[in-house]
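J.: Got a predicted structure plus its sequence, pasted below:
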Amino acid sequence: MEAYLDNSATTKCSERAFALMQRVLLEDYGNPSSLHMKGVIAERYVKEAKEKIAKTLKVNEKEIFFTSGGTESNNLAIIGTALANKRAGKRIITTAIEHASVANPMKFLEEEGFEVIYLSVDQDGVLSLDELKESVNDVTILVSLMQVNNEIGAIEPIEEAVQIVHAINPNTLIHVDAIQSYGKMKIYPKKLGIDLLSVSGHKIHGPKGSGFLYVKEKTKIKPLIYGGGQQGGMRSGTENVPGIVGLGEAAAEIYEDFSEKQEHLYSLKELFLTGISEIPGVSVNGKTDRDSAPHIVSMSVEGVRAEVLLHALEEKQIYVSSGSACSSNKPAVSRTLKSIGLKQSLLDSTVRFSFSVHTTKEEILYAVSELKTLIPTLQKYTRRA
Amino acid sequence: MYRAFLIKYGEIAIKGKNRYLFEDKLVRQIEFALKPVDGDFAVRKEQGRIYVEVVSEEYDYDETVEALKRVFGIVAFCPVVLVEDEGFDKLAEDTISYIKKAHPDCRFTFKVNARRARKNYPMNSMEINAALGEKILEALPETKVDVHTPEVVIHIEIRNQINIYSVEIPGPGGMPVGSAGRAMLLLSGGIDSPVAGYMISKRGVEIEATYFHAPPYTSERAKQKVIDLAKIVAKYSGPVKLHVVNFTDIQLYIHEQCPHEELTIIMRRYMMKIAQHFANEDHCLGLITGESIGQVASQTMQSLMVTNEVCEMPVYRPLIGFDKQEIVEVAERIGTYETSILPFEDCCTIFVAKHPVTKPNLKVIKRSEEKLAEKIDDLMQTAIDTTETIMVEA
């Protein structure tokens, strides 16, 4: 049996998305900027994809800008607004557990003279609203928060955070990295007061190399890529039409029968958690109830190196991620795991399981049963001091 | 502009009556090295020299030079310009235009060294030297003649066509691969073993390799890294037959039964035994390791003695007197360094004791190994039977 439990890394492409992409690649392959019919047809595809996405978020389709994926969306949101608003102030607030595609643009902005404040998180990975309140001031131009943490599945209190920020400075822009949350929960930026929202296509059964940024109308933002002025100049370059239609279709599909899908994910997670709770030496990081993301479980195993467990599971055709990419030559400890205060000995012993709507109960049970035999064996052969 | 390459080989020239054997190997190795290069070439032996002629209309000069630089046995090679014999004035003209291209900075001392292989040429070599030297001085007044220690020697060889060359590109030296025999390299993912393989191959030895894989403790990527290293070594040595041994069960068994601080040394003894098994199968005449005295606990003289004790064939350790930095320099030069330092664990780094023995005693180690008596033969056999063999080509 094969169990692909690494859906937070990437997902299998949806058949519907693929079928549409194939049509766009082989038949309706025009350039949306061309004046002839082929171009018009391609342009229509892009518009339809925008409409589909806008509908899932309850926003205006003109507020959707296609990018090459989550990383570009985050870069555009953060660097683009910082550059456009630097005269209003130079303070930016984010959390200590952001994905590298947020953390590294922040580092870049720090080098460019911006002041970045990193909010700490509690043991469950939830950001400190008190710290947020203390940090916002009248020169704060941007607050960038992830909605679901990619490593432990913590859900951040976006709604409360936005209220706190806007009570102090109504002009502060709010960016939400929704790469792990879009398609897993309902998100309505207008209701929440979000100005910018990043989404990646391949995390929701769309193709790799696709993504979008929601930018609320009239938000001051500068493009990062200059060229032919496509997408209203926000993102030049011939639109990646196959990627865009795939993303649009995948987005529409994932929100069909949504509550059933969400329920399915939560029940998988609960089944998995119950199963692994019986294994000695195993602990789960972050919240486990329905206040956490439905598709991510971060598991630490006393005395077993993550990479070893990962490869042992791989032999059983079970595919997962290690919590922090750490090897003997190049230790790179995860900021998230460190921030939640995970003890030193477990930092390199943490793996992530992540599910998708296609994951079955059988796959979960298979993974649990393999873990039950593998973990005690591996624990036997740990490095003796 | 170059249409041929003159190959210079050093050591082979003194090989007496076996010389033709070495030359034939070298010709074959050059042909092999040029196969992937863009262009067609004819390689031939001719009067104590090897000559690579470009046959195709077009070819990639840089690729050709890179390929020749990797052929063991070549001491140096000269890119040659071929011109038709259309009288001395034309030759002088061609020579000068050649010099302008090959040595654009014209401030050098030179001499002309003519050779008249076709004796019916109207001038003898001394006359050509003098006349051509004069023409060059005339055309390039910044140059100077120095017949004793010239910076540039302009070779003119009168054959059916006239060959002009003056640039000498160093080759790797050594002996053509296939002229010595075959040896088994113990290849890890580290910096040293690929260098060791390169150095022995340089003496004309064909290389096979054994890699010890320990899934799930070492990853598929670690194995891929070893294949990539073998690929780089194969650029010099020719195809490498790589044996990938699954070593996990043996390692775990040793870990279970033997004192932890002896793990590495005992493990290495079994690695040697398995490598030797495949070496015997394929008629190898020795083992090759990247060991260097005192580099790590398992490479002290005492440890080397203990590991060496299981070997019935000679173990070649070309790096034995090298410092790490010297090894790194070779690794960088031959292009294995970047791959070697990729951060994947190999089976030597997992389970390592904090304080492994540095002065193992053979008797003690043998006594520890007695604890393995029950299963080790079966485990070795399984490891040998399940070994995957990969032909790695550059």
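T.: Happy to help now that I have it. Numbering: from 1, shown residues only, chains lettered A, B, ... in the order given.

J.: going forward, measure contacts and count neighbours with C-alpha atoms only.
T.: Noted.

J.: what's the spacing between stretch A:19-33 and its chain's center?
T.: Computed by C-alpha atoms, centre = their mean, to the nearest Å, the separation of stretch A:19-33 from the middle of its chain amounts to 28 Å.

J.: got any ranges where the chain has weak pLDDT?
T.: Just so you know, I chose chain A. A:323-332, A:382-385 (pLDDT under 70).

J.: actually it's chain B I care about, not the one you picked
T.: Where chain B drops to pLDDT under 70, the residues are B:11-15, B:344-350.

J.: Show me where it has its helices.
T.: B:19-34, B:61-69, B:88-102, B:125-139, B:192-202, B:220-237, B:248-257, B:263-281, B:301-308, B:324-334, B:337-340, B:362-370, B:376-385 (DSSP state H).

J.: Those helices: which one's closest to A:Ile158?
T.: Nearest to A:Ile158 among the helices of chain B is helix B:220-237 (39.4 Å), distances taken as C-alpha to C-alpha.

J.: the inter-axis angle of that closest one versus helix B:324-334?
T.: 70 degrees (axes from the mean of the first three to the mean of the last three C-alpha atoms, to 10 degrees).

J.: Quick check: buried residues in helix B:220-237?
T.: By 16 or more other C-alpha atoms under 10 Å in any protein chain shown, the buried positions in helix B:220-237 come out as B:220, B:222-223, B:225-237.

J.: which one of the residues you listed sits closest to B:Phe108?
T.: Among the buried residues of helix B:220-237, B:Tyr236 lies closest to B:Phe108 (C-alpha to C-alpha), at 34.9 Å.

J.: Can you tell me which of the helices of chain B is most buried?
T.: helix B:192-202 (a mean of 26; mean count of other C-alpha atoms under 10 Å in any protein chain shown).

J.: What lies in contact with that one?
T.: The contact list for helix B:192-202 (C-alpha atoms under 8 Å, 6 or more residues apart in numbering or on different chains) reads B:72-73, B:172-177, B:185-188, B:207, B:229-230, B:233, B:236-237, B:288-291, B:316-319, B:327-328, B:330-331, B:336.

J.: Quick one: buried ones out of those?
T.: B:72-73, B:172-177, B:185-188, B:207, B:229-230, B:233, B:236-237, B:288-291, B:316-319, B:327-328, B:330-331, B:336.

J.: Which ones among the residues you listed map onto strands?
T.: B:185-186, B:207, B:288, B:316 (DSSP state E).

J.: that older thread, wait, which of the buried residues of helix B:220-237 is closest to chain A?
T.: Ranked by distance to chain A (C-alpha to the nearest C-alpha), the buried residues of helix B:220-237 are led by B:Glu220 at 8.4 Å.

J.: what separates that closest one from B:His155, distance-wise?
T.: B:Glu220 sits 54 Å away from B:His155, going by C-alpha to C-alpha, to the nearest Å.

J.: before we move on, what about A:Leu20?
T.: Applying C-alpha to C-alpha, the value for A:Leu20 to B:His155 is 68 Å.

J.: what does A:Asp28 give?
T.: 64 Å.

J.: do the same with A:Glu27
T.: Between A:Glu27 and B:His155 the distance, using C-alpha to C-alpha, works out to 63 Å.

J.: Equivalent analysis for B:Glu208, please.
T.: Applying C-alpha to C-alpha to B:Glu208 and B:His155 gives a distance of 41 Å.

J.: try A:Leu213
T.: Taking C-alpha to C-alpha as the measure, A:Leu213 falls 67 Å from B:His155.

J.: Looking at the two now, which is surrounded by more residues?
T.: Neighbour count, other C-alpha atoms under 10 Å in any protein chain shown: between A:Leu213 and B:His155, A:Leu213 has more, with 27 against 19.

J.: and that one, what helix or strand is that in?
T.: A:Leu213 is located in strand A:211-215, with elements delineated by DSSP states H and E.

J.: Point out the other helices and strands that that strand packs with.
T.: With contacts taken as 3 or more C-alpha pairs under 8 Å, 6 or more residues apart in numbering or on different chains; DSSP states H and E, strand A:211-215 sits against strand A:64-67, helix A:70-84, strand A:196-200.

J.: most tightly surrounded among these?
T.: strand A:196-200 (a mean of 29).

J.: neighbouring contacts of that one?
T.: Counting contacts by C-alpha under 8 Å, 6+ apart, the residues outside strand A:196-200 that touch it are A:69-70, A:73-74, A:77, A:173-179, A:182, A:189, A:210-216.

J.: Can you give the distance of that strand from its chain's centre?
T.: A distance of 8 Å separates the centroid of the chain from that of strand A:196-200, by C-alpha atoms, centre = their mean.

J.: same check, this time on stretch B:275-283
T.: Chain-centre distance of stretch B:275-283: 22 Å, with C-alpha atoms, centre = their mean.

J.: Kindly format the C-alpha coordinates of that stretch as PDB.
T.: Presented in PDB, the C-alpha positions along stretch B:275-283 are these (Å, rounded to 0.1, in the frame of the first residue of the first chain):
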ATOM      1  CA  ALA B 275      34.700  -5.300  -1.200                       C
ATOM      2  CA  GLN B 276      37.400  -8.000  -1.500                       C
ATOM      3  CA  HIS B 277      34.700 -10.500  -2.400                       C
ATOM      4  CA  PHE B 278      33.600  -8.400  -5.400                       C
ATOM      5  CA  ALA B 279      37.200  -7.600  -6.200                       C
ATOM      6  CA  ASN B 280      38.000 -11.300  -6.500                       C
ATOM      7  CA  GLU B 281      35.000 -11.900  -8.600                       C
ATOM      8  CA  ASP B 282      36.100  -9.300 -11.200                       C
ATOM      9  CA  HIS B 283      39.800 -10.100 -11.100                       C
END
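
J.: near chain A, which of the buried ones among the contacts of helix B:192-202 show up?
T.: For chain A, no contacts are drawn from these by C-alpha under 8 Å from any C-alpha of the partner chain.

J.: strands paired with the strand holding A:Leu213, and their directions?
T.: Here strand A:211-215 is paired, per DSSP bridges, with strand A:64-67 (antiparallel), strand A:196-200 (antiparallel).

J.: hmm, who's touching the first one?
T.: The contact list for strand A:64-67, computed with C-alpha under 8 Å, 6+ apart, reads A:50, A:53-54, A:73, A:209-215, A:231, A:234-235, A:239, A:244.

J.: and which of those is nearest to chain B?
T.: So of those, ranked by how close each gets to chain B (C-alpha to the nearest C-alpha), first place is A:Gly209, at 24.3 Å.

J.: and that closest one, how many neighbours?
T.: Neighbours of A:Gly209 (other C-alpha under 10 Å): 19.

J.: In this structure it contacts A:Ser68, no?
T.: Yes - judged on C-alpha atoms under 8 Å, A:Gly209 makes contact with A:Ser68 at a distance of 4.7 Å.

J.: tell me which parts of chain B are close to chain A?
T.: B:215-219, B:252, B:255, B:260, B:343-345, B:350-354.

J.: if I read this right, A:Ile318 contacts A:Ala367, doesn't it?
T.: Yes - in terms of C-alpha under 8 Å, A:Ile318 counts as a neighbour of A:Ala367; the distance is 6.8 Å.

J.: beta partners of the closest residue to B:Thr210 other than its chain neighbours?
T.: Leaving aside its sequence neighbours, B:Thr210 sits nearest to B:His243 (C-alpha to C-alpha, 6 or more residues apart in numbering or on different chains; 4.6 Å). Beta-bridge partners recorded for B:His243 (DSSP bridges): B:Thr210, B:Thr389.

J.: isn't B:His243 right up against B:Ile207?
T.: No - applying C-alpha under 8 Å as the test, B:His243 and B:Ile207 come out as separate, 11.7 Å apart.

J.: What is the neighbour count of the nearest residue to A:Leu127 once chain neighbours are set aside?
T.: When the adjacent residues along the chain are set aside, A:Leu127 lies closest to A:Val121, with 4.1 Å between them (C-alpha to C-alpha, 6+ apart). For A:Val121, the neighbour count with other C-alpha under 10 Å is 20.
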